[in-house]
Every structure is written in C-alpha cells, then in structure tokens.
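Enquirer: Please find the sequence and the predicted model below.
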Amino acid sequence: MLLRGSFIFGNIGILYLNVVFIVMSLLPFRFRERKGYQNALFWMYIVPNILCIVILNLSDAVYFHYAAKRFTIDELHFINNSNNAIIIWKSLISNWWLLMIGIVLSLGLWLGYKKISYHSTQIKSHWLYYPVSLFVLVAFVVLWVGGVRGGFAHGLRPYTLTNAAFYAKTPAKSYLILNNPMCIFKTMERKPVEQLNYFTEDELAAMYSPTHHNRFDTPFQKKNVVLFILESFSKEHSAYYCPHLYPDGQGFTPFLDSLMQEGVCFHNAFANGRKSIDALPAVFASIPSYKTPFVLMPVSLGKMEALPAILSKNGYETHFFCGAEKNSMGFESFAVLSGIKNMVSRNDFEKKCEVNKQTIEPYWGVFDMPFLQFMATEMKQFQTPFFTSVFNLTSHHPFVVPDHYEDKLPKGFTKIHRCVAYTDLAIRHFFDAVKNEPWFNNTIFVFVADHVSSEVYSDETYTAKGSNAIFYFIYTPDQSVRGQFYEVTQQADIMPTILGLLQYSEPYFAFGRDFFNEPDRLPFATNFAGQTYQGISDALLIYFDGSGAPDIYRFEDCYLQNHITNLNDATQRKQFDYFRAFLQTYYNCLYRKDFLPKSN
C-alpha cells in the first residue's frame, strides 16, 4: 500500500508541478515550434523540477528529522530570518553527500531533456492542424483533472494531504507517501495557523484545558458502540424535536423519534461545522473546524488519539461503513487516522450483494436500505466488544430514493424530506434485523447529524444558531441511560460522553465535555458562522471575529433582535473569556500539531 500510495501521490505532484509547462507545450498555435519558444519551455521545465523535486525533496531528508513534517508553504514564513544563510551553509557542509546526489539528479534532468529531440508537426493543413492540436490540449486537461482527483469516479474529491493516511495507516508513515510539490501546492493558498494571545499560558491553563482526567469507581465497561452519522439531518426534520412545525405530529423521522423518547435526547445540540468533512474530526476526535476544515489541514496528521484508537487499544474491533466508493469522499483517510481498522464501502457491498438500480443510486453509492441491511449482516460476524460507525448517503443531494419507495413515503415540504423518511425507515429495518443478536442489549447506539441540510423548512433554520441545530441522541436497549436534556451540547461532546458512559478513567484529549460527568465544564457549542466565530451556551449567543468586542444576545434570541453586550456583566464576561480561552487553546494545538493529553 505504501508503494501504491507513493506512486499515486508522486503522479499528482508531478501533474501540479508541470501543468504550465505541458499546457504551454500543447497550445494549438504554430509559434510553439520556434526555437526561442522551445528554449523558454526548457527553462519552464528544468527550474521548477530541479527546485521542487530535487532540492526540496532532498532538503526534507534533513528537515524532517527536526520538524517531523514535510516542507510546505508554511516554512516560507521563516525566509526572512537573518540566520538562514548560516544554517543552510552548515547543513550543506554536514550533508555534503545529499548535495552530490542533488547535482547528479539535476544533471540527469538537464541531459535527459536535451537528449529528446523536438520534431515539429507534420500536419501542413491549417484546417486539420488546429482541431487536432485543440483536441490534444482538451484531452490533456481532462486527464489532468482525473489525475489530481485520483481518478474519475463520481463523488471523488481531489486528493488532499490527509488522503495519504489511507495508504499508510499511521500519520508517521503518511509522510513517506507525500512529496514536496504536492505539499506546497496543497498549502499554497492557506494562511499560517493563527496564534491568538488573549491570555498568558498560566491564565489559559486555569480557564480551559482539553485534557480530561475523569476517574470512575467502577471498571471500564466494554459495551459495544454503534455510531450513526446522519447526512443532513437537521433538527427541523423531527416532529418530536419541533412539534410547532408539525401540528398533526407527522414529521419525517417517526422511528428515530420513538428512540429519542426511550433514550437520551439532547434538544439543543449543535454541529461544529457546515460540511460533512467537518463532522468526522468533531465526532471521532472531538476536534471542531472553523475557517478551514480540520481534515484538509496538514496538522490533521499530527499526534492524536481519537475515540476509535482509544477503544481499539482496549480490545475493541473498529469498523467504518460508508456506501460510497472506497475513499471517494475522503472519509476513510481520517477514519484511519482516528484508529479505524476495518473500512467497508460500496466496493465491499458489490462483492456480496445484488447490484441494480434499486440498490445503487446513480450519484453517490448504495441506497441506505440495502446498505444498512448489508451492515447488519456483516455485524453478525463481529467479535465483541466492537465500535462501528456508519455514514449514510441517501439524504444527500440530489435527494433520490429507489423507485418503488417514491409512492410509499411522504413527499414533505422540501426536496430532502422524502429521503429523510426513507433513511428513517432503513434504520427501523436495521434495528429489526439486529434486535435479537446477542450483542444488542449491551450496545450504546449514538445518532448524530453531520450538519444541517441545505433544504430548509423552518425560518429559524436560516439563522446562524438554527443553521447548526442538529439531531443528536443516544439509545441503549437496556435503558441504562434515559432522559430529556436541554443543556447545550455539540458534536465534539460525543467522544468524551461515550468514554464517560464506558467508565473510561485514563486521561484523554478532547475539546468537548463529558455531558454527564463533567459539571464543572461550561455547556458550550462553537462553530464558524459566515466570517464570525459563534459560541452558544445555555444563556447566551456570542459572536466574535477574533479581535475587539463581541456581539452578545440571549440564547432564545435566534433572530438577533436585541443586542445585550455588556462585559461588565459577570456572566457575559465569564463566558466570553471562556470562549476566547477555548479558541486560543484550539489554535495553540494546531500550531504545535499536538492533540494528546497533558499530564497534571
């Protein structure tokens, strides 16, 4: 896998690095045959390739030892240091053999290019020359796009640095796969990690810490954990959550509503991001995303111990199910970094199940009904204890259900409602399939949305607060935990809350709070709303651009009609300082690339 990953990422790096050279070589004009133009192309090829492929990659052989990361655009922020010349000179002296290798490789590129003779086109007719040349250029553009995306499969996202984890299995080995051209191009538009300085280190440590040191009298409870990440499950879809929207009581999630009433229902739960790729680090690792999705930042390859990794260390099998093609949505890469050992995708489904238009939808992958039945069958073979997570697809745009369900499900008021009803029915059938399994009663089922849907029914969902209001509840068949809770909670609270339910007593790192066992931590949710940080507590809505004074409103004032900012008020000052301490700690951890617990 390492060799395959290196080949794929190497090709992507070469495509990024040489795109201008290749396009200029294929321009559909005859002036490209002139000697002066060909000389310019030579320098357009030789300079970037010697700089990025030879010099930077060899430099990393030294730099990686000290920085534990590949060279990215971030390193250019040190270019103005006055001692750079001395450092580089000493490094060249100490690593003279790398300099020799660099010279040999550079000469190889130079001589190799010169050895290839250029032959002008033999097409004399202008009517044929220009269409053929244009076709070749367009063909290259298409192939280039497929190359940098890692393929042509529908739904495949362009490869990022974190995709290396899919081939490497560990963050440390991921760097063996990456190359400097790709690292630089993928970080070129990124600003350096913010460093906020609201408080001194001592003040900050007293106000907030992501290290948790819970102690339980009872031993670790090895219950199974099944985590449903529900695509676009806005709070407004549920008649139980939002009875005012459905006076007749007919929402679109009747089965999930019934589980909420039998389990632990969180009525004020909020997403930590607006995209699906924001959800996995929040749910698995208790790490929110703000201006840039965490999984797209190079720091996501930093040291961490997420929920699946902790459970795996304690004897759990760990599984992740997603009905899309393998690694097509980028989820699997972060799942691997989080400690997931077994990935199950559309590819696995198609090896064992019937494939037709009733099982495979034409856009993303397997419909939820057959995929959850496939998951139920696979789970019968699991050894307990296990951690299993599934990310459903059918409630994703363009909102298609199998033909034979169109007339059986309510159409609803928005495009997504029928799909939500279909997913709810699929989960009901999943429970019917597993309820008699020996592991069922010893399992914690967690349901959480990845983000709010783009299809909005309620006016409140258009607000900054409402646009992050999501499904989140826990169901335990043995009814060991039950209740209706209205305190604010967030996706980042899931990891610490599950570890608390399992009576886990070792230190761990999480930006969230254990909902049931950490009363000293402020119930709080954070995300990035437009161009502003949003903080939500039980009492207040706080909006802060990172500097200056905040805008503060009461929790109930989702339309932001009554501005009540008064930092002389003790509650406002305390919660605003907590919010700033949270943000400063978050960016400190990003800067240090360290997401591990600290000892007392």
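Expert: That came in fine, so what should we check first?
Enquirer: quick one: buried residues of the host helix or strand of residue 312?
Expert: Assessed by DSSP states H and E, residue 312 sits inside helix 307-313. Neighbour counts over helix 307-313 (16 or more other C-beta atoms under 10 Å) mark 307-312 as buried. For the C-beta atoms, the positions are set from N, CA and C on the backbone; glycine is no exception.
Enquirer: Tell me the helices and strands packed up against it.
Expert: Counting contacts by 3 or more C-beta pairs under 8 Å, 6 or more residues apart in numbering; DSSP states H and E, helix 307-313 packs against helix 276-285, strand 317-322, helix 331-338, strand 386-391, helix 494-501.
Enquirer: Strand partners (parallel or antiparallel) of the fourth one?
Expert: What it means is strand 386-391. strand 224-230 (parallel), strand 317-322 (parallel) (DSSP bridges).
Enquirer: quick one: average confidence on it?
Expert: On average, the pLDDT along strand 386-391 is 97.
Enquirer: now do the last one
Expert: Helix 494-501 carries an average pLDDT of 98.
Enquirer: Just the C-alpha atoms of stretch 105-113, please, in CSV.
Expert: Output in CSV follows, covering the C-alpha atoms of stretch 105-113 (Å, rounded to 0.1, in the frame of the first residue of the first chain):
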residue,chain,number,x,y,z
LEU,A,105,19.8,14.3,-10.3
SER,A,106,19.8,17.8,-11.6
LEU,A,107,22.3,16.9,-14.4
GLY,A,108,20.1,13.9,-15.2
LEU,A,109,17.0,16.1,-15.7
TRP,A,110,19.0,18.5,-17.8
LEU,A,111,20.7,16.0,-20.0
GLY,A,112,17.6,13.8,-20.2
TYR,A,113,15.6,16.8,-21.6
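Enquirer: buried sites along that stretch?
Expert: Those would be 105-106, for stretch 105-113 by 16+ other C-beta under 10 Å.
Enquirer: what does that stretch contact?
Expert: 42, 45-46, 49-50, 53-54, 58 (C-beta atoms under 8 Å, 6 or more residues apart in numbering).
Enquirer: For stretch 401-408, list every residue counted as buried.
Expert: 401-402, 405.
Enquirer: just to revisit the earlier point, nearest to residue 366, of the contacts of stretch 105-113?
Expert: Of all those, residue 53 has the smallest distance to residue 366: 40.3 Å, by C-beta to C-beta.
Enquirer: Now, of the contacts of stretch 105-113, which are buried?
Expert: 45-46, 49-50, 53-54, 58.
Enquirer: Going by distance to residue 103, which of those residues wins?
Expert: residue 54 (9.0 Å).
Enquirer: For the closest one, give me phi and psi.
Expert: Main-chain dihedrals, residue 54, degrees, to the nearest 10: phi -90, psi -60.
Enquirer: Now it. Nearest residue, chain neighbours left out?
Expert: Counting by C-beta to C-beta, 6 or more residues apart in numbering, residue 54 lies nearest to residue 105, which is 4.7 Å off, once chain neighbours are set aside.
Enquirer: circling back: just send the contacts of stretch 105-113 back as a markdown table, with secondary structure, pLDDT and distance to residue 362 too.
Expert: Supplementary listing: the contacts of stretch 105-113 in a markdown table, determined by DSSP: H, G, I helix; E, B strand; the rest coil; pLDDT from 0 to 100; distance: C-beta to C-beta, whole Å:
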| residue | secondary structure | pLDDT | distance to residue 362 |
| --- | --- | --- | --- |
| 42 | helix | 88 | 47 |
| 45 | helix | 87 | 41 |
| 46 | helix | 88 | 46 |
| 49 | helix | 86 | 41 |
| 50 | helix | 86 | 46 |
| 53 | helix | 78 | 40 |
| 54 | helix | 81 | 45 |
| 58 | helix | 79 | 47 |
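Enquirer: helices and strands of this structure: which one has the lowest mean pLDDT?
Expert: helix 84-94 (a mean of 62; mean pLDDT, DSSP states H and E).
Enquirer: Quick check: what element follows that one along the chain?
Expert: Using DSSP H and E, the first helix or strand after helix 84-94 is helix 96-115.
Enquirer: Quick one: mean pLDDT for that following helix?
Expert: Computed over helix 96-115, the average pLDDT equals 85.
Enquirer: Helix, strand, or coil at the nearest residue to residue 278 once chain neighbours are set aside?
Expert: The shortest distance from residue 278 to any non-neighbouring residue, by C-beta to C-beta, 6+ apart, is to residue 289 (4.1 Å). With DSSP: H, G, I helix; E, B strand; the rest coil as the basis, residue 289 sits in coil.
Enquirer: I'd like the distance from the helix or strand residue 425 falls within to the chain centre, please.
Expert: Using DSSP H and E, residue 425 falls within helix 417-434. Computed by C-alpha atoms, centre = their mean, to the nearest Å, the chain-centroid distance of helix 417-434 equals 25 Å.
Enquirer: Show me what the helix or strand hosting residue 205 is packed up against.
Expert: Using DSSP H and E, residue 205 sits within helix 201-207. If you count contacts as 3+ C-beta pairs under 8 Å, 6+ apart, helix 201-207 packs onto helix 570-592.
Enquirer: Now do the helix it packs on: which elements does it pack against?
Expert: helix 201-207, strand 524-529, strand 532-537, strand 540-544.
Enquirer: how does it look with 10 Å?
Expert: Helix 570-592 is packed against helix 201-207, strand 524-529, strand 532-537, strand 540-544, strand 551-554, with contacts defined by 3 or more C-beta pairs under 10 Å, 6 or more residues apart in numbering; DSSP states H and E.
Enquirer: would a markdown table of these with mean neighbour count be doable?
Expert: Conversion of the helices and strands packed on helix 570-592 to a markdown table gives the following (neighbours: other C-beta atoms under 10 Å):
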| stretch | mean neighbour count |
| --- | --- |
| helix 201-207 | 13 |
| strand 524-529 | 23 |
| strand 532-537 | 22 |
| strand 540-544 | 21 |
| strand 551-554 | 18 |
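Enquirer: in the stretch 51-200 of the chain, which ranges drop under the pLDDT threshold?
Expert: Along the stretch 51-200 of the chain, the model assigns pLDDT under 70 to residues 62-69, 71-92, 152-158, 161-166, 168-174, 187-193.
Enquirer: residue ranges of the strands in it, please?
Expert: Read by DSSP state E, counting those that start in this stretch, the stretch 51-200 of the chain holds no strands at all.
Enquirer: show me where it has helices.
Expert: 57-67, 84-94, 96-115, 126-149, 164-168, 171-177, 180-187 (DSSP state H, counting those that start in this stretch).
Enquirer: out of those helices, which comes closest to residue 233?
Expert: helix 164-168 (26.3 Å).
Enquirer: quick revisit: compare the helices and strands packed on helix 570-592 and report which one is nearest to residue 224.
Expert: Of the helices and strands packed on helix 570-592, nearest to residue 224 by C-beta to C-beta is strand 524-529, at 27.5 Å.
Enquirer: Sheet-wise, list the partners of that closest one with their directions.
Expert: With DSSP bridges as the test, strand 524-529 pairs up with strand 532-537 (antiparallel).
Enquirer: What average pLDDT does stretch 453-467 get?
Expert: Rounded mean pLDDT across stretch 453-467 is 93.
Enquirer: Now do that stretch: distance to the chain's middle.
Expert: For stretch 453-467, the distance to the chain centre is 22 Å (C-alpha atoms, centre = their mean).
Enquirer: Quote the end-to-end distance of it.
Expert: 8 Å (C-alpha to C-alpha, to the nearest Å).
Enquirer: in that stretch, what's buried?
Expert: 453, 455-458, 460-461, 463-467.
Enquirer: Between those residues, which sits nearest residue 242?
Expert: For the buried residues of stretch 453-467, the nearest to residue 242 is residue 458 (6.9 Å; C-beta to C-beta).
Enquirer: thought that closest one was touching residue 469?
Expert: Yes - when contacts are counted by C-beta atoms under 10 Å, residue 458 is listed as touching residue 469 (9.4 Å).
Enquirer: Between the two, which contacts overlap?
Expert: In the contact map built from C-beta atoms under 10 Å, 6 or more residues apart in numbering, the residues linked to both residue 458 and residue 469 are 234-236, 242.
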